[in-house]
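1. Okay, predicted coordinates and the sequence, questions at the end:
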Amino acid sequence: MSDNEGVRLQKVLAEAGIGSRRHCEELIGEGRVTVNGKKVFRFGERVDPRTAVIHVDGKRVETRAEMRYYAINKPRGVVSTMSDERGRKSLADYVEVPERLFHVGRLDTDTEGLILLTNDGELSHRLTHPSYGVYKTYLAEIHGPIPRDLGKRLKAGVTLEDGPAKADKFRVFDQVGRRVLVEITLHEGRKHIVRRLLKETGFPVQQLARIEFGPIKLGSLKPGGMRALTVREVGELYKAVGL
């Protein structure tokens, strides 16, 4: 690309939400920005924001203006699709943006919590493909008392009808009487996997919510609520899948 083509790098970074142009110039000058794998130190560097792969501090910056990234807290009883032939409530009932979005993976109808929405096909594919092993964390309500070795058993793995499964992390989150909230993290996405895993160990799930998807946290987002991901969060998602 010649010096007269493309857009100045600091402008591209600023428009992507990294900061002011002055701050972006400082990042470039400190060697913290790469374009297509090469460090750039020149403020006048011009790039094509539609095709350039830009990283700041090792995290990719999305510069394609048409790309959209959202988190939504799917309420219980809502199907994890953008439409439903049977007329049930779907994610589309809670989405108020003009762009056509795709859901990244699914949650059971009876499970609430975090779902990502985007029109970035490559990122969506990688986030849901088993080979990338993106972690998901769930909060499950079960009935106690539970044995002290439950976490150890879950992390060692149990055999289900379609093969072995295990939790990567497990902890008791809260306990009031027989009501026990447990936090369970795993990196696979077989259907009903959390429910089946806990049921197999003798503790069927009463309620279930996904609270984290890779680096993205549900936080204080209310059921039915939706928010745009930050530039940092999008960069962390890219990093999680090697982009």
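-> Received it, and whenever you're ready, just let me know what you need. Numbers count the residues shown, from 1 in each chain.
2. From what I see, Gln175 and Leu181 are in contact.
-> Yes - applying CB atoms under 8 Å as the test, Gln175 and Leu181 come out as touching, 7.1 Å apart. Any C-beta I mention is one placed from the backbone N, CA and C, and that applies to glycine too.
3. Out of the two, name the residue with the larger neighbour count.
-> Between Gln175 and Leu181, counting by other CB atoms under 10 Å, Leu181 is the more crowded of the two (17 against 13).
4. which residues touch the residue nearest to Gly121 when sequence neighbours are not counted?
-> Once flanking residues are discounted, Gly121 sits nearest to Phe102: 7.4 Å by CB to CB, 6 or more residues apart in numbering. By CB atoms under 8 Å, 6 or more residues apart in numbering, Phe102 lies in contact with Met82, Leu117, Thr118, Asn119, Gly121, Ser124.
5. so what's the first one up against?
-> So that's Met82. Ser90, Leu91, Ala92, Val95, Leu101, Phe102, His103.
6. end-to-end on stretch 152-167?
-> From its first residue to its last, stretch 152-167 covers 9 Å (CA to CA, to the nearest Å).
7. residues in contact with the residue most central in space within the chain?
-> Central residue of the chain (CA atoms, centre = their mean): Phe213, 3.9 Å from the mean position. For Phe213, the contact set (CB under 8 Å, 6+ apart) comprises Val104, Gly105, Leu114, Ile115, Leu116, Leu127, Val134, Lys136.
8. Arg190 is in contact with the last one, correct?
-> No - applying CB under 8 Å as the test, Lys136 and Arg190 come out as separate, 11.6 Å apart.
9. Of those two, give the one with the bigger neighbour count.
-> Comparing Lys136 with Arg190 by other CB under 10 Å, the one with more neighbours is Lys136, at 24 against 14.
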